[in-house]
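Peer 1: A structural model of the following input is requested.
(one chain, ligands or ions: 1)
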Amino acid sequence: QVQDERAARIPRYVRVNTCLWTAPKAVDYFVSKGFRQSGPFGSPDNRGFAQDPHIPNLFQFHPQISFQEDPAYKDGRLILQDKASCFPAVILDPPAKDSAMVIDATSAPGNKTSHLSALMEGKGTLFAFERDKRRFSTLETMLAKAKCKNVQPINADFLTVDPLDMKYSQVTHILLDPSCSGSGIVNRLDYLLESEREEDPSQEDRLNKLASFQVMIIKHAMKFPSVQRVVYSTCSIHAIEDEHVVGEILKSDEALAGGFTLAPAEQVLPQWSRRGLPNEMDEPDHASSLVRCSPDEDGTNGFFVSCFIRKEKESSKRK
Ligand code: SAM
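Peer 2: Residues are numbered from 1 along each chain as shown. Coordinates of the predicted model:
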């Protein structure tokens, strides 16, 4: 009941798939369907909509508006994706050029993969890993529908991929959105497929096991020789899976050997004011580099995003 009430306050978010369409064309389409560009709750009949202030090509509608049967959703021009779930791809900021090499390590059902592909303007190569066979087939369907032409979907466990394989030697950006407790999810409809919600997220040993896996996957990403930027996100509100994982990574041999640190706050959605929890970090100052979303206050599901970058070497700074 409480969960339903919280979900009812989250706007219906609709992302324009720029692999197939443009925001101005989508606005004309919404208007032709009787919506008014006046803010999501700006009209008494709930027909208002607004451009999201933080995420380009994302629009907000009244929570009760459904796009499930809309032709533009069915043919892939519109993607139904919670606002917070759009943060990781924007923060990763992948390059849009023919030589670009990017990995989405944990992809299905593919909302973030299609978002990355759109930000890359369909250029370069985006390797999209998914270990679960059934979820991999959902990923393939989603990528075909969204016409993501630069994506190579791979049905494999990312942890078994050799970072020194020549195929990945030029990968510079990696997105990690691994399995988590899903404790931030209040709007289950949008996330039913996206998350692998655990039954009892309050169990501490369960959270600790998830955190160990999350730490492992981040460390693995840091072993790719050319990687410059690694984004780690969860739809969990538990510090064990969020700030504590980041803290453990910053102290790890992999981060120290690779010269990784947290990206400065100005590179991590600076216009978003809710940041990490300082009292959950060994170095409270690091919290400003982390992004959190509160399901009760931000009109989104609960979410967490961090971004690691490779420190510039002194020698290359001087060049
Ligand atoms: N990023 C997805 C999206 O936005 O649509 C949601 C990802 S979901 C939270 C996590 C996914 O990672 C699951 O489909 C799970 O099967 C997959 N996964 C977990 N561990 C993996 C691994 N080691 N290698 C590849 N995929 C993995």
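
Peer 1: tell me which element the residue most central in space within the chain falls in.
Peer 2: Compute the mean C-alpha point of the chain, and by Cα atoms, centre = their mean the closest residue is residue 88, 3.4 Å away. Here residue 88 sits within helix 83-92, counting by DSSP states H and E.

Peer 1: pLDDT at the residue of the stretch 101-250 of the chain found nearest the ligand, what is it?
Peer 2: With Cβ to the nearest ligand atom as the measure, residue 106 is the residue of the stretch 101-250 of the chain nearest to the ligand, at 3.1 Å. All C-beta spots, glycine's among them, are computed from the backbone N, C-alpha and C. pLDDT, residue 106: 98.

Peer 1: with the one 10 residues further on instead?
Peer 2: Residue-level confidence at residue 116 comes out at 98, pLDDT.

Peer 1: what's near enough to touch it?
Peer 2: 89, 92, 94, 102, 104, 126, 175 (Cβ atoms under 8 Å, 6 or more residues apart in numbering).

Peer 1: give me the nearest residue to the first one, chain neighbours excluded.
Peer 2: Using Cβ to Cβ, 6 or more residues apart in numbering and skipping residues adjacent in sequence, the residue nearest residue 89 is residue 115, 4.0 Å away.

Peer 1: what about the helix or strand containing the one you found, near the ligand?
Peer 2: Assigned by DSSP H and E, residue 115 belongs to helix 111-119. Yes: on the criterion Cβ under 6 Å from any ligand atom, helix 111-119 is in touch with the ligand at 111-112.

Peer 1: output the very next helix or strand once past that helix as CSV, nothing but the C-alphas.
Peer 2: Of the helices and strands lying after helix 111-119 in sequence (DSSP H and E), the nearest is strand 125-129. The C-alpha trace of strand 125-129 is given here as CSV (Å, rounded to 0.1, in the frame of the first residue of the first chain):
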residue,chain,number,x,y,z
THR,A,125,31.4,-0.2,-30.8
LEU,A,126,29.4,-0.9,-27.6
PHE,A,127,30.0,-4.4,-26.3
ALA,A,128,26.9,-5.4,-24.2
PHE,A,129,27.5,-8.3,-21.8
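
Peer 1: helices of the chain, start to end?
Peer 2: Assigned by DSSP state H, the helices in the chain fall at 2-7, 23-32, 71-74, 83-92, 111-119, 133-146, 188-191, 204-221, 243-251, 253-258, 314-318.

Peer 1: can you put the contacts of residue 116 in JSON lines and add neighbour count and distance to the ligand?
Peer 2: JSON lines is the format used below for the contacts of residue 116 (neighbours: other Cβ atoms under 10 Å; distance: Cβ to the nearest ligand atom, whole Å):
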{"residue": "89", "neighbour count": "28", "distance to the ligand": "9"}
{"residue": "92", "neighbour count": "23", "distance to the ligand": "12"}
{"residue": "94", "neighbour count": "27", "distance to the ligand": "14"}
{"residue": "102", "neighbour count": "27", "distance to the ligand": "13"}
{"residue": "104", "neighbour count": "32", "distance to the ligand": "7"}
{"residue": "126", "neighbour count": "29", "distance to the ligand": "12"}
{"residue": "175", "neighbour count": "27", "distance to the ligand": "7"}
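
Peer 1: closest to residue 293 among these?
Peer 2: Distance to residue 293 across the contacts of residue 116 (Cβ to Cβ) is lowest for residue 89, with 14.9 Å.

Peer 1: dump the residue contacts of residue 174.
Peer 2: 92, 102-105, 221, 224, 227, 229-231.

Peer 1: if we go to 6 Å?
Peer 2: The contact partners of residue 174, by Cβ atoms under 6 Å, 6 or more residues apart in numbering, come to 103, 221, 227, 230.

Peer 1: residue 145 now?
Peer 2: By Cβ under 6 Å, 6+ apart, the neighbours of residue 145 are residue 76.

Peer 1: state the distance from it to residue 62.
Peer 2: Counting by Cβ to Cβ, to the nearest Å, the gap from residue 145 to residue 62 is 25 Å.
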